[in-house]
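A.B. asks: sequence first, predicted coordinates after that:
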Amino acid sequence: MKNISKWIHYITILFAVLLIIPSGFNPVYSHLFSIILGVHVINSGHITYKLNKNSMLFSTSGGLIIIGIGLFKLIW
């Protein structure tokens, strides 16, 4: 499980860096960046706060809010 979390961590960082430059030209890339950032926040929270369930709840809810905002802006 820890190996999968590391791969998710590195892949989301790579995609976030790759989407920063074109997001200035097209807002769709900015919305995709926010979705990837939300996935990264959730994954980082689960890696960092494995023992503390309350802190993991905050990182999960924060990541879901970021993903929700990105999806809402992407659809509408």
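C.D. replies: Everything's here; your move. Numbers count the residues shown, from 1 in each chain.
A.B. asks: let me see the contact set for Ile67.
C.D. replies: Residues near Ile67 by C-beta atoms under 8 Å, 6 or more residues apart in numbering: 34-35, 38-39. In short, each C-beta sits where N, CA and C put it, glycine included.
A.B. asks: pLDDT below threshold where in the chain?
C.D. replies: Counting by pLDDT under 70, the chain shows low-confidence ranges at 1, 51.
A.B. asks: out of the contacts of Ile67, who's nearest Pro27?
C.D. replies: Ser34 (10.5 Å; C-beta to C-beta).
A.B. asks: just the ones of the contacts of Ile67 in strands?
C.D. replies: The members of the contacts of Ile67 all map outside strands under DSSP state E.
A.B. asks: all helices for the chain, in order.
C.D. replies: Applying DSSP state H to the chain gives helices spanning 2-20, 27-48, 53-75.
A.B. asks: who does the first one touch, helix- and strand-wise?
C.D. replies: This points to helix 2-20. If contacts are counted by 3 or more C-beta pairs under 8 Å, 6 or more residues apart in numbering; DSSP states H and E, helix 2-20 sits against helix 27-48.
A.B. asks: then the second one?
C.D. replies: Of the remaining helices and strands, those touching helix 27-48 by 3+ C-beta pairs under 8 Å, 6+ apart are helix 2-20, helix 53-75.
A.B. asks: that's all I had, so thanks and see you.
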